[in-house]
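Engineer: Let's see this in three dimensions:
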Amino acid sequence: MSSGDKYEKIVDLAARRGFFWPSYEIYGGLAGFYDLGPLGSLLKENIKKLWLDYFVFKHQDMVVLIETP
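Structural biologist: Numbering: from 1, shown residues only. Sure, this is the predicted structure:
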């Protein structure tokens with residue numbers, strides 16, 4: 001199985017399970033752009049939380065810049 005086949009299978013599975021899908025899908029899609037689904041958003045938040053826990057909260061000498069409106 002080539003790496004292209006593996007990639008296509010993973011993308012297809014993730015799209016079917018609701019992690020993400022192609023952006024503007026109802027208009028024919030836009031190559032290379034994806035929208036996060038409910039599970040994709042949860043995964044993103046979990047990754048951000050793990051990153052903050054490891055790099056910020058365990059090392060108290062670091063500063064985090066927060067975007068403000």
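
Engineer: How about the contacts made by the residue most central in space within the chain?
Structural biologist: Nearest to the geometric centre of the chain sits K44, at 4.9 Å (C-alpha atoms, centre = their mean). By C-beta atoms under 8 Å, 6 or more residues apart in numbering, the contact set of K44 is L36. Where you see a C-beta, it was placed from the backbone N, CA and C, and this is true even at glycine.

Engineer: list the helices and strands the worst-scoring helix or strand of the chain on mean pLDDT packs on?
Structural biologist: Taking mean pLDDT, DSSP states H and E as the measure, the chain has strand 20-22 as its least confident helix or strand, at a mean of 84. If you count contacts as 3 or more C-beta pairs under 8 Å, 6 or more residues apart in numbering; DSSP states H and E, strand 20-22 packs onto helix 3-17, strand 34-36.

Engineer: at 10 Å instead, please
Structural biologist: Where contact means 3 or more C-beta pairs under 10 Å, 6 or more residues apart in numbering; DSSP states H and E, strand 20-22 is packed against helix 3-17, strand 34-36, helix 38-52.
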